[in-house]
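Colleague: starting from these lines, generate the structure:
(chains A, B, C and D)
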There are 4 protein chains.
Amino acid sequence: MKSHPSSGGPVAPDTLADLAAASRILAARGVVDGMGHVSLRHPAAPDRFLISRSMAPALVTPDDIVELDLNSEPCDPDAPGSFLERFIHGEIYRARPDVMSVVHSHSASVIPFGLSGPGMRAMYHNAAFLSCDVPVFDIREDFGTTDMLVCDCARGSSLAATLGERSVALMRAHGSVACGPTLRLAVFRAVYTEVNARIQHWTNALASGGDIAALSREEAELADVANTGAATRSWELWRAEVHDQTGW
Amino acid sequence: MKSHPSSGGPVAPDTLADLAAASRILAARGVVDGMGHVSLRHPAAPDRFLISRSMAPALVTPDDIVELDLNSEPCDPDAPGSFLERFIHGEIYRARPDVMSVVHSHSASVIPFGLSGPGMRAMYHNAAFLSCDVPVFDIREDFGTTDMLVCDCARGSSLAATLGERSVALMRAHGSVACGPTLRLAVFRAVYTEVNARIQHWTNALASGGDIAALSREEAELADVANTGAATRSWELWRAEVHDQTGW
Amino acid sequence: MKSHPSSGGPVAPDTLADLAAASRILAARGVVDGMGHVSLRHPAAPDRFLISRSMAPALVTPDDIVELDLNSEPCDPDAPGSFLERFIHGEIYRARPDVMSVVHSHSASVIPFGLSGPGMRAMYHNAAFLSCDVPVFDIREDFGTTDMLVCDCARGSSLAATLGERSVALMRAHGSVACGPTLRLAVFRAVYTEVNARIQHWTNALASGGDIAALSREEAELADVANTGAATRSWELWRAEVHDQTGW
Amino acid sequence: MKSHPSSGGPVAPDTLADLAAASRILAARGVVDGMGHVSLRHPAAPDRFLISRSMAPALVTPDDIVELDLNSEPCDPDAPGSFLERFIHGEIYRARPDVMSVVHSHSASVIPFGLSGPGMRAMYHNAAFLSCDVPVFDIREDFGTTDMLVCDCARGSSLAATLGERSVALMRAHGSVACGPTLRLAVFRAVYTEVNARIQHWTNALASGGDIAALSREEAELADVANTGAATRSWELWRAEVHDQTGW
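Modeller: All right, here's what the predicted structure looks like:
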């Protein structure tokens, strides 16, 4: 009989509601569609995290949240199964003690930057977290021909290594991950990675190979401080929209 | 007096509701507008298929579904007329015993790939079904100057021949078809053909003629296995939205 | 005391409701915003036409419709004023006895084709009405430096001359007009001019100066016959949406 | 104990409601998201202005409006804090006695014109207010490496100097400001700067470096007169939408 990891303990209902709301927020902003997921490190147990069972993000409720350990195994043997790619989350939490929340998405505007051409850069202050070179995880490098899915610890660990100390990594022919020290900052970064991608498509076309006066790294470092406030203000808006729709 | 084909027998109400919902799902996702259609092979009679009467997809109800044979003739002589281009469906079902569902649409982002330039390729795992060269049906090749409509068996058969064993074919200056072994997979492929088209427009612009690290054929073959699950999860989301709107 | 033109007689309430609905349809499809207008030739008096008073198209009700003569003067001296550019309509009705309905709009995707580069072409069968060279009205040619508005009979007549026997004309740095033998066909053409513009932007980018396999003129002539049916089906969808919102 | 500026006196409830509605209008049109703000000079006290407390524009109600002086200091010591970048408003009001309303936004389509390539030009009559060369404020020129925020009087004054007598200024790697002699005209300009940006992206791509037949400065001067009416008509539409949602 297989043993299951123990639970990190009960989680406040508001926390579960916020995490479920984050799923719906990302769906409403077009960052996720029927696929994609967001997780939160367990507030009381750094070696556990919370994520929904395998389902479309727009439908998640607080009751759909399950608890996994850093091997992405469920704490409750009777819990419904979570996502095939839950290992993205487990391995980033393992590698990055500073990260409290992770988003995985397939935004249409972001995918091109993992496939070709110039790297993603920070087009404005709200995307300052992109000013470090945004890395591209190409699963072929470590694993050869695959089904592209980060569906075990080894692949998750490889992705986490590519991410390094950054906030966002692109995944070739797949999507991207965004992470942060709070749920709202991870959600903010996922949303503004998508917005920045649209801005950069237009800017690259205007520039026609000429210069782009993007944020410098030094500017970005200073500008990103204010994004904590921006993320809070955005969260209040987005969270209120979910509350209006769901009552929670 | 003209004889009519016999019916393949009654169809479960849930099946009819799902097919009607598929019409509305495609409209809600922007894949079809006032035009376009989706069909389902009769579950009990492989030489019959189900499709709505001629009407805008967003308005279809289960009562609007009619039954046709593979010549795209109605089984019920009193049934309201279906689409001029119902032959797209009949001939694909005739040529492809593995296909249980067909979608025909005119998505704005997809049409350009039938008119010019580089072929459509699979930009990410959810579009893995596009990794075989996506063929373009040019009705001029077999029929010269026409009204562009696939409005008889000969034209339908020619389109089916272009499609071959693939899941998607483009139609020059017209639109595209997507098919699959289930209703939900055909709908999924129609939706993600449209998403992939948007991603590829952006990617081609970024690449400026340079390399695009699209899915390789081997990767796509592996990745497409997981799309059955992705189609189910997406279907649950989209079907719930229709249910919320219609009560069925 | 100035004399006013006589009325062409009462108009059926359903006709007024359809015309008001057409305004809202164009707004809902993004063809018009706070500006733009649609008119209908008086069903019983070919030298009169119906159009709303000057207001945002999305707010028009049947009570807002006024009657003008072909000089674009109101039949009712107490009627609220109509649009500054009502002369677009009056002069097209004067020049084109076959035209029963006219739309003027400023769709963002259409304006570029009046400003630069390759002409607009028919990208697919639903836009077959665009296969004649779409002319560009440049108000500078006849009137020099102006406020760009077609705000008198002379300017309207010049625009009508540029339109000639076609269904659509672009207006440099301004917008476009679409017309047709029925209200629903004029609306259909306005909507699909906008859709075609989006398709052509993508196609031009893909083609990079290479060939575009657009509809030939002969194909377009044949294909456009089916658009009468497509316009009816689309109208039923769009009209139902307005009815759901307004009750009329 | 710090002294606070005196109030300019009570403001009519309708004025406060219109200003709160303007925030929601800009959010509904996609001009602002969780960030961005709109202000109104105090109707009775030219050295005071009204703006919401720091919050997402889509959530603003009349009760959230606070009063600041031209140093962007609150008149009520107990008022909740306004935006970090309130100095944008205070300094433009100080420099431009003709300006009664200011909008600051980060529209995705507009930002590219502050980063690269050809300047923004007036693509059509509704954007005639853009025909003067639209300046780009680069905060580096006066302040070196910063957090990009216009968060004090000196930075606001520098931005106001770049704006000069114009209606719109872009801000490098940040966003833009639009202003006008009335609330509705400032809102109109912010909205149509965004629309014009989208039109110009398409036009630049079509032109491929060739000519663009944009509004000439003389045409723009004449055309802009009619925009006062267009702004009123648009305002009526947008204001009605807010009223339907909020009851105020």
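
Colleague: going forward, measure contacts between C-alpha atoms and count neighbours the same way
Modeller: Will do.

Colleague: who's in contact with the one helix or strand A:Thr15 maps to?
Modeller: A:Thr15 is part of helix A:13-28 when elements are defined by DSSP states H and E. Outside helix A:13-28, the residues that touch it by C-alpha atoms under 8 Å, 6 or more residues apart in numbering or on different chains are A:32-33, A:37-40, A:51-52, A:57-62, A:64-65, A:183-184, A:187, A:191, A:238-239, A:242, A:248.

Colleague: can you give me the angle the longest helix along chain A makes with helix A:13-28?
Modeller: When chain A is parsed with DSSP state H, its longest helix is helix A:217-246. Helix A:217-246 runs at 100 degrees relative to helix A:13-28, counting by axes from the mean of the first three to the mean of the last three C-alpha atoms, to 10 degrees.

Colleague: rewinding a little: could you point out which element follows the helix holding A:Thr15?
Modeller: Immediately after helix A:13-28, counting by DSSP H and E, sits strand A:37-41.

Colleague: alpha carbons only: can I get that following strand in CSV?
Modeller: This file holds the C-alpha atoms of strand A:37-41, laid out as CSV (Å, rounded to 0.1, in the frame of the first residue of the first chain):
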residue,chain,number,x,y,z
HIS,A,37,-3.5,26.5,-13.7
VAL,A,38,-2.5,28.6,-10.8
SER,A,39,-1.3,27.4,-7.4
LEU,A,40,-0.4,28.7,-4.0
ARG,A,41,2.2,27.4,-1.6
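
Colleague: and that strand, what other elements does it pack with?
Modeller: In terms of contact count using 3 or more C-alpha pairs under 8 Å, 6 or more residues apart in numbering or on different chains; DSSP states H and E, strand A:37-41 is assigned the packing partners helix A:13-28, strand A:48-52, strand A:101-105.

Colleague: before we move on, the earlier item: could you tell me the angle between the helix holding A:Thr15 and strand A:48-52?
Modeller: Here helix A:13-28 runs at an angle of 50 degrees relative to strand A:48-52 (the same axes, to 10 degrees).

Colleague: what does the average pLDDT come to for helix A:13-28?
Modeller: For helix A:13-28, the mean per-residue pLDDT is 98.

Colleague: contact partners for the residue nearest the centre of chain A?
Modeller: Residue closest to the average C-alpha location in chain A (C-alpha atoms, centre = their mean): A:Val103, at 1.7 Å. Each residue near A:Val103 by C-alpha under 8 Å, 6+ apart is listed here: A:Gly36, A:His37, A:Val38, A:Ser39, A:Val177, A:Ala178, A:Cys179, A:Ala186, A:Val187, A:Ala190.

Colleague: quick check, nearest of the residues you listed to D:Arg86?
Modeller: Lowest distance from D:Arg86 to the contacts of A:Val103 (C-alpha to C-alpha) belongs to A:Val187, with 26.1 Å.

Colleague: now, which of the contacts of A:Val103 sits nearest chain B?
Modeller: Set against chain B, the nearest of these by C-alpha to the nearest C-alpha is A:Gly36 (10.3 Å).

Colleague: any idea how far the residue lying closest to the closest one once chain neighbours are set aside is from chain C?
Modeller: For A:Gly36, ignoring the flanking residues on the chain, the nearest one in space by C-alpha to C-alpha, 6 or more residues apart in numbering or on different chains is A:Ser105 at 4.6 Å. Distance, A:Ser105 to chain C, by C-alpha to the nearest C-alpha, to the nearest Å: 25 Å.

Colleague: so where's chain A uncertain?
Modeller: Residues of chain A meeting the criterion pLDDT under 70: A:1-2.

Colleague: let's go with 50 and repeat that
Modeller: Within chain A, no range satisfies pLDDT under 50.

Colleague: got the contact list for A:Val168?
Modeller: A:Val168 makes contact with A:Phe129, A:Leu130, A:Val134, A:Pro135, A:Ser176, A:Val177, A:Ala178, A:Cys179, A:Arg189, according to C-alpha under 8 Å, 6+ apart.

Colleague: go again using 10 Å as the cut-off
Modeller: Counting by C-alpha atoms under 10 Å, 6 or more residues apart in numbering or on different chains, A:Val168 touches A:102-104, A:129-130, A:132-136, A:162, A:176-180, A:186, A:189-190, A:193.

Colleague: and those residues, which are buried?
Modeller: With burial judged by 16 or more other C-alpha atoms under 10 Å in any protein chain shown, the buried subset of those is A:102-104, A:129-130, A:132, A:134-136, A:162, A:176-180, A:186, A:189-190, A:193.

Colleague: can you flag which of these belong to strands?
Modeller: Per DSSP state E, strands hold the following members of the buried ones among the contacts of A:Val168: A:Val102, A:Val103, A:His104, A:Val136, A:Ser176, A:Val177, A:Ala178, A:Cys179, A:Gly180.

Colleague: give me the number of residues near the closest residue in space to A:Arg96 that isn't next to it in sequence?
Modeller: Among residues not flanking A:Arg96 along the chain, A:Glu165 sits closest, at 7.6 Å (C-alpha to C-alpha, 6+ apart). By other C-alpha atoms under 10 Å in any protein chain shown, the residues close to A:Glu165 number 13.

Colleague: and A:Glu165, which of the three is it?
Modeller: coil (DSSP: H, G, I helix; E, B strand; the rest coil).

Colleague: check the one 4 residues further on too.
Modeller: Reducing the assignment at A:Ala169 to three states with three-state DSSP gives strand.

Colleague: any idea which helix or strand carries the closest residue to chain C within chain A?
Modeller: For chain A and chain C, the shortest gap (C-alpha to the nearest C-alpha) falls at A:Ala205, measuring 10.7 Å. When elements are assigned from DSSP H and E, A:Ala205 belongs to helix A:183-207.

Colleague: and A:Arg155, that's in a helix?
Modeller: Yes - according to three-state DSSP, A:Arg155 belongs to a helix.

Colleague: may I ask you to confirm that it is in contact with A:Gly144?
Modeller: No - look at A:Arg155 against A:Gly144 with C-alpha atoms under 10 Å: they stay out of range, at 11.4 Å.
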